[in-house]
Structures are given as C-alpha cells and as structure tokens.
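Colleague: I'll drop the sequence and a predicted model, then ask my questions.
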Amino acid sequence: MKYSIILAFILFTNSLFAQTLEKDFPESFKVKITNTISVPRENVLIVLSPDEVSKQSKKFNSKAFVVVAGGKEIPSQYNEQDQDNKGIVFVLDKLEASASRDIVVRFHPTATIPRNYTKRTQAELSHKVGGEWKNREYIGGTFKNVDFLQVPPEHKDHSWFIRYEGPGWESDKVGYRFYLDQRNASDVFGKKTPEVALQLAGQDGFDSYHNMQPWGMDVMKVGKSLGIGSIGSFHNGTAIRVEKTDAVNCRITENGNIYSSILTNYIGWAVADKKHDVQSRLSIHQGTRLTHALLDISSDPDNIATGIVKDNLAKLFTGKGDAKHWAYLATYGKQSLNNDELGLAVLFKPSNIIEFTEDEFSHVVKLRPEQGKLDYYFLAAWIGEPDGIKNEKEFLDYINKVSLELANPVKIEITRK
C-alpha cells in the first residue's frame, strides 16, 4: 500500500510538471539520438544547428525553450557567438550501446522565459585595469573579467597583467589555461570539486595555484614544451610554438552552464620563411575532460605540430588509429606537480598524421591540415579528481573508448512531434 501511494504521488507530480511545460512552452519538436557503437556513452554533447531546427520549426525561439529527456527537463543553452557550435546545446548523461533516445524540445514562439541551471562549465579572461605599463610590466591595478582582449605589445610572460597569465576554461572534471603571451602553451588545472573554480585562481597572486587549494591546483609543468595540445609547427628538429606574431586577440565566445569556448586570432605567425594567420577555437562541455581544438590556418603550412610535455616519470603511448578509431599520443605516470598520477593525451584523425616525432621538450605529432582546417582534442585526467581515473590501465581503457567515440559520432534526427 505504501509503495502504491508513493508511485501515485510520483505519477501525479510528473503529470503536473508535464502540464506546466506544455502551458509555458506550447510548441515542440522531437529529436532522435542514436548511439552508433556497441558500447555505452556518457555525457554526450548534442548540438542542433539553427538550420536543422528551422527545417522543422520556423517559429523556434531561442529565448524560451527547454529540452526534455525521459519526462524530465535537462540543462541546455543556446550558443549565439560560437559559429562552430551555434544553436541548441545539451548533454545526454547516458546513451546505451546501439540504442536510441527520444528527446523533446519545447518552446514558446514569442515569450522570453529564462531557465536557471547549475553552472558546470566556464570560460574567462581577466586582466588588470587602473594600473600602468612600465616597460613590459603592469604595475598596480585590479583584475577585471572581460569578453575580449587585444593583447598589448608590451605583454610578455610574467608581465603581471593577465590573471593566471591567460584565458581559462573548465568543466566539472578539469580546468585548462593557455599563456596569452609569446609562449602560447596550454596548461592543466586539476580539480577536486565539480563546481566551477577558475574564478578563484590567481586572485591572491600568481603563485598560489601552484600549491594545493580547496578547489585543486596547477598540476602540469609546461616550461619550453608544447604543454598539452598547444599549437606549433615542427622545423629543423624543434616544435616552434606560436611565439612571433604581428598581433593577437582573444575573445570569450561562450561562457555557458554546459558549454564554453574561447576564440583566439594569431595574426602573422612567423614560422621559418612564412607567415600564417591562425584562428583557434577551444571548447569544453559538461561531464568531459576533453578540450576540442578547431583551427583555421592560412598560407598552407608544411605542418601543424602539437603534443605533450616530456616527463621522465611518465610512460609514452601512441595509437595510429584506423577507420573506427582516432589516433592518439598519450602519457601516464606520476608526472603531476602534486607528485601523483596524471594522464595526458591528444587525439586526432589518422588521415591528418604526417608522423610521430619528438624534440628536447615534447612528444610531438606532426599533422597535415585539410583545406586550411584542422581539429583535434586534448585531455588531462588527474588522480585527484573525485571518482577519477586511478591507474594506467583505467587511463588507457578510457583513451581507447574516447578514440572510438570520436570516430563514430552519434546520429541525430530532428522530426516534428
């Protein structure tokens, strides 16, 4: 009798929820999402472009919509500025092996109805204002978050101008930054909490995040290397980072609850006897360790090189990939600045590989852009994460699963309900 009453209450509550959604968001369309591989997926990013949505509903309104999965509203957002992933964005927590799920998008054609969800991603850029430049150092001032920065010509490493020296981005799993100066190399923040935390980093000085904080810490030493997934070009036995440029600007394109991204323009990057313009978009979503790097490159470079910092305490692993798996370059071992286990990886399409190589500071893969475009992913898995990866076998199993998922994206079909 007790369980019957509980079941009846749940059904009644769900019915009221459904009626409220139908009243507030009277229009709808359905999305069928199919797992194309015979293993389960978790935290699957789904993007419905404006063109795809308009084919089914010309009246869709991005100011008033919800995404419903299994009768429950799930977090979503609408990307306006990120041209590579523009449109409705949400994350499916689970997608069973070779299975499909039906999702309903409900909307009001004319109203504005904001929705509040827990923030699980962040992208930020913070620099000082109210001070002054003295040669290449910024003296005084206070940090202010901005959406855009044209990097001043005076700015170099340790100019004390940008909080934690560049833009940062994070999910509930891990955080990253890259140095927005002549180094232009990416670094890793290990996180001990699913809460967004980068807004806490560097507020009390440039060195505090090198020691353990309640939220975590900087766990990787970059030095003169490619760090993790940084942009470079391999010439005369050395990976050259994006060091000599005519100008650099950086924009926070999305700072959403479930998806965030950063757009950086490198104008006149000098490599050997050529100059290139490179546009880089870095993005991350809820529930993942992966950063997606999308590059647009001018002037047909000989190669784009990326890779991972060398560390004597970490083992190197490579996978050349095939038709059903992306290739990868990975390391694992006690290589974190906390003297514990850290896994690092870069994943890329097999068709882009020129060769695996190395220099003094980095494990390197040389990649060939396709018609001026290149995309790859990089990730860090720190043992200090809550319920994180604990050993080498778990890390390699994870990398192999990610390489399978990247090569076999889910199938998305939008239909009228």
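Modeller: Perfect, I can see it now. Numbers count the residues shown, from 1 in each chain.
Colleague: drop to CA atoms for contacts and neighbour counts, all remaining ones
Modeller: OK.
Colleague: is it fair to say residue 281 lies in a strand?
Modeller: Yes: judged by DSSP: H, G, I helix; E, B strand; the rest coil, residue 281 forms part of a strand.
Colleague: Bridged to it, which residues?
Modeller: residue 263, residue 294 (DSSP bridges).
Colleague: number of nearby residues for it?
Modeller: 24 (other C-alpha atoms under 10 Å).
Colleague: I'd guessed it sits against residue 261; true?
Modeller: Yes: between residue 281 and residue 261 there is a contact at 6.8 Å, judged by C-alpha atoms under 8 Å.
Colleague: Was I right to think residue 333 contacts residue 342?
Modeller: Yes: counting by C-alpha under 8 Å, residue 333 touches residue 342, with 5.8 Å between them.
Colleague: which of these two has more neighbours?
Modeller: Ranked by neighbour count (other C-alpha under 10 Å), residue 333 and residue 342 place residue 342 first, with 27 against 19.
Colleague: list the contacts for that one?
Modeller: 332-336, 380-383 (C-alpha atoms under 8 Å, 6 or more residues apart in numbering).
Colleague: burial count for the residue nearest to residue 392 when sequence neighbours are not counted?
Modeller: Nearest residue to residue 392, sequence neighbours excluded (C-alpha to C-alpha, 6 or more residues apart in numbering): residue 332, at 6.4 Å. When counting by other C-alpha under 10 Å, one arrives at 25 neighbours for residue 332.
Colleague: tell me which element residue 91 falls in.
Modeller: Here residue 91 sits within strand 87-95, counting by DSSP states H and E.
Colleague: so how far is residue 293 from the residue nearest to the spatial centre of the chain?
Modeller: Residue closest to the average C-alpha location in the chain (C-alpha atoms, centre = their mean): residue 284, at 2.1 Å. From residue 284 across to residue 293, the span is 9 Å (C-alpha to C-alpha, to the nearest Å).
Colleague: picking that back up, can you name the two of the contacts of residue 342 that are farthest apart?
Modeller: In terms of C-alpha to C-alpha, the contacts of residue 342 reach their longest pairwise distance at 334 and 380, which sit 13.0 Å apart.
Colleague: Run through the helices of the protein in chain order.
Modeller: Under the criterion DSSP state H, helices of the chain are mapped to 2-24, 50-56, 392-407.
Colleague: For the ones you listed, which has the smallest mean pLDDT value?
Modeller: Least confident of the helices of the chain, judged by mean pLDDT, is helix 2-24 with a mean of 57.
Colleague: Residue 304 bridge partners, please.
Modeller: Counting by DSSP bridges, the residues bridging with residue 304 are residue 367.
Colleague: So for it, what's the pLDDT?
Modeller: 97.
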